[in-house]
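>>> Let me see the structure of the following:
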Amino acid sequence: MATALKSKSFQRNLLLSIGGVFLLFAICFSVYQYKREKEYKIDILHSRLQMYNYEMVQTVGKDSMSCSRLFRDYVIHHQMEGLRVSVIDKEGRVILDSYDTDVEALGNHLQRTEIQQALREGSGYDIKRMSQSTHETYFYSATRFGDMIVRAAVPYSAELTRSLQADNTFIYFSGVLTLLLGIVLYYITHRISRHIGYLREFAVKAEEGEELDHELERRLPDDELGDISHTIIMLYWKLRHSEEEKVRIKRQLTQNAAHELKTPAASIHGYLESIIDNPDMPNDKKQHFLERCYAQSERMNKLLLDMSVLTKLDEIDDSSSNAQHEYRQVDVLQIITNVIDDTDLQLQEKGIELKLQLPQNIEVQGDSSLLYSIFRNLIDNTISYAYGATRLIIACQEIEIEGRHFYEFNVSDNGQGVEAQHREHLFERFYRIDKGRSRKLGGTGLGLAIVKNAVAAHGGQAIALSTPGGGLTIRFTLASQGFSPVR
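You can find the predicted model right below:
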């Protein structure tokens, strides 16, 4: 109900604001058009009287305009209904008048509006002024000819009044058009308001955690507003699914971690219990039990360390912009050298020959501990699971993707490899191809998950491929400079 009321309020405000502006424009346009048409008709009448004045002067002659006889003869022979003609000098004195022969009694006309305009501009008129001599209302039109002004005037009869009035047809037309546009505007605002109401209803339900369906999406329009609304809704669903996926992964991580920790914890508990319950246990057997307890505690410690790294990566994922501010320029070649130094003995024991195919300079913006974990986990993974491998190659080349610079690494072994159905799951947390054998080897199941997330935290992606000729290749990219983490 509240949504519907707010939707109506939005529609009313939108309709009043747009409709008010349009109505104001329509009124101003109508007033302007009315005045313009009235002035146009006045100009026509003024022009007709001007033509009369010009024809009189041309016919009588400018020098003969002061002759009363010629003046009256012309007026009589060219008479118009109610027309009054006067000849006035530049001082405002009436020389001749077609209505009154006693021109001395007419007074000075210098201050009359039409006379002033004629003296300044050559012609002028005055609308609806009462004559002091006849007490009738006239329309005056004056024209200057040198030192003389000829003025023609017509009385304001009912017919003249009607002819000078603007035609009201366009006002009616404007009113009808305004009404039609108002209806269209109401329909448009109602439509916009309705669809915004749908979107707001979706937002309210999402905020209150109510069950959401896709019915609202089907009611959205197939236009720009609908596209924007669909985009917002899709972003919401993506965010929601992303949050649900994060919760699912964290829950799964917790369950898997508890399961993984339960085995070594139970083993340690069992060994220690046996030692405590059997104080006369032979020293060699007691030593064996203690060594097994130590091995299981080492496994627990490695698992906790790996979980700590994943937690750090999750924090980088949640606040990537702040985390990147702590990144520094890192020499990847030095990182790889440190990893090789730390794993050289294990590689020799497994009979694996390490080959490097690297450029002379590899520097990226990143976290040195995470970059170390990438290469350390990949080499450890080869040592532990690349059965029959005799060669490990770490290669790198510079590439460009969509105008951005990356380093592409390939860590390849020639072992027995991994079947295709397993390769796509290798980067999942706690995923094992052979669960029993992996646990016996001390693996936590988090190594490649750390690799994938650490690579993503440096703007790259990691995939598992089959090495030509047999074996496993882990290919990943690292952005050489500023980037957005890939998830």
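>>> Give me the neighbour count for Phe145.
By the measure other CB atoms under 10 Å, the count of residues near Phe145 is 17. The way it works is simple: take the backbone N, C-alpha and C, and place the C-beta from them, glycine included.
>>> and it, how far is that from Leu305?
113 Å (CB to CB, to the nearest Å).
>>> Distance check, the residue of the chain most remote from its centre against Val75.
In the chain, the greatest distance from the average C-alpha position (CA atoms, centre = their mean) is reached by Arg69, at 84.8 Å. To Val75, Arg69 is 11 Å away according to CB to CB.
>>> again with Gly20
Counting by CB to CB - Gly20 and Val75 are separated by 56 Å.
>>> Ser368 too?
According to CB to CB, Ser368 stands 112 Å off from Val75.
>>> And the two? Which one has more around it.
Applying other CB under 10 Å to Ser368 and Val75 shows that Val75 carries more neighbours, namely 20 against 16.
>>> if you skip the residues just before and after it, what's nearest to that one?
Spatial nearest neighbour of Val75, excluding adjacent residues (CB to CB, 6 or more residues apart in numbering): Ser98 at 4.6 Å.
>>> The one you found and Val87 touch, don't they?
No: Ser98 lies out of contact with Val87 (CB atoms under 8 Å); the separation is 9.3 Å.
>>> And the lowest mean pLDDT element among the helices and strands of the protein?
Across the helices and strands of the chain, the lowest-confidence element by mean pLDDT, DSSP states H and E is helix 435-440, at a mean of 48.
>>> ok so Leu180 is a helix residue?
Yes: judged by DSSP: H, G, I helix; E, B strand; the rest coil, Leu180 forms part of a helix.
>>> So, low pLDDT: which residues of the stretch 51-200 of the chain?
132-134, 157-171, 195, 197-199 (pLDDT under 70).
>>> where along it do the helices fall?
Under the criterion DSSP state H, counting those that start in this stretch, the stretch 51-200 of the chain contains helices at 68-77, 113-121, 158-164, 169-208.
>>> Now the first one: buried residues?
The reference is to helix 68-77. Going by neighbour count (16 or more other CB atoms under 10 Å), the buried part of helix 68-77 is Leu70, Phe71, Tyr74, Val75.
>>> Spit out the contact partners of the nearest residue to the second one once chain neighbours are set aside.
The spatial neighbour of Phe71 that comes closest, neighbours along the chain excluded (CB to CB, 6+ apart), is Leu96 at 4.9 Å. The contact partners of Leu96, by CB atoms under 8 Å, 6 or more residues apart in numbering, come to Met65, Ser66, Ser68, Phe71, Arg72, Val85, Ser86, Val87, Val103.
>>> Now render the residues you listed as JSON lines, adding distance to Tyr431.
Formatted as JSON lines, the contacts of Leu96 follow (distance: CB to CB, whole Å):
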{"residue": "Met65", "distance to Tyr431": "117"}
{"residue": "Ser66", "distance to Tyr431": "121"}
{"residue": "Ser68", "distance to Tyr431": "124"}
{"residue": "Phe71", "distance to Tyr431": "119"}
{"residue": "Arg72", "distance to Tyr431": "122"}
{"residue": "Val85", "distance to Tyr431": "113"}
{"residue": "Ser86", "distance to Tyr431": "113"}
{"residue": "Val87", "distance to Tyr431": "115"}
{"residue": "Val103", "distance to Tyr431": "120"}
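>>> Could you tell me how many residues sit around the spatially closest residue to Gly122 that is not a sequence neighbour?
Leaving out its chain neighbours, the residue that sits closest to Gly122 by CB to CB, 6+ apart is Arg144, at 5.2 Å. When neighbours are defined as other CB under 10 Å, Arg144 has 21 of them.
>>> thought Arg144 was touching Gln116?
No: under the criterion of CB under 8 Å, Arg144 is not in contact with Gln116, lying 10.9 Å apart.
>>> any idea how far Arg423 is from Thr477?
According to CB to CB, Arg423 stands 18 Å off from Thr477.
>>> Sorry, slip of the keys, the one I care about is Gly388.
29 Å.
>>> So which of the two has more stuff around it?
Thr477 (20 against 12).
>>> residues contacting that one?
Taking CB under 8 Å, 6+ apart, we find Thr477 in contact with Ile399, Ile401, Phe406, Tyr407, Glu408, Phe409, Val455, Gly459, Gly460, Gln461, Ala462.
>>> Read off the pLDDT value for it.
Here, the pLDDT recorded for Thr477 equals 92.
>>> Please identify which helix or strand holds it.
Using DSSP states H and E, Thr477 maps to strand 472-479.
>>> Name the strands paired with that strand and say parallel or antiparallel.
If you go by DSSP bridges, strand 472-479 pairs up with strand 404-413 (antiparallel), strand 462-466 (antiparallel).
>>> Met234: which of the ones you listed is closest?
Distance to Met234, taken as CB to CB, is lowest for strand 404-413 among the strands paired with strand 472-479, at 25.8 Å.
>>> Now that closest one: buried residues?
So for strand 404-413, counting by 16+ other CB under 10 Å, buried means Phe406, Tyr407, Phe409, Asn410, Val411, Ser412, Asp413.
>>> Show residues contacting that strand.
Strand 404-413 is contacted from outside by 332, 352, 362, 364, 375, 378-379, 382, 386, 389, 391-400, 459-460, 467, 471-481, 483, using CB under 8 Å, 6+ apart.
>>> What mean pLDDT does that strand get?
Per-residue scores along strand 404-413 average to 91.
>>> about what we covered before: could you list which residues are in contact with the residue nearest to Val75?
For Ser98, the contacting residues are Phe71, Arg72, Val75, Leu83, Arg84, Val85, Ser86, by CB under 8 Å, 6+ apart.
>>> what residue ranges in the stretch 201-350 of the chain score low on pLDDT?
201-202, 204-230, 232-233, 236-237, 240-261, 263, 303, 306-307, 310-325.
>>> Going along the chain, name the strands of it.
328-331 (DSSP state E, counting those that start in this stretch).
>>> Which parts of it are helices?
Secondary structure of the stretch 201-350 of the chain (DSSP H, counting those that start in this stretch): helices at 215-218, 224-277, 283-318, 320-325, 332-350.
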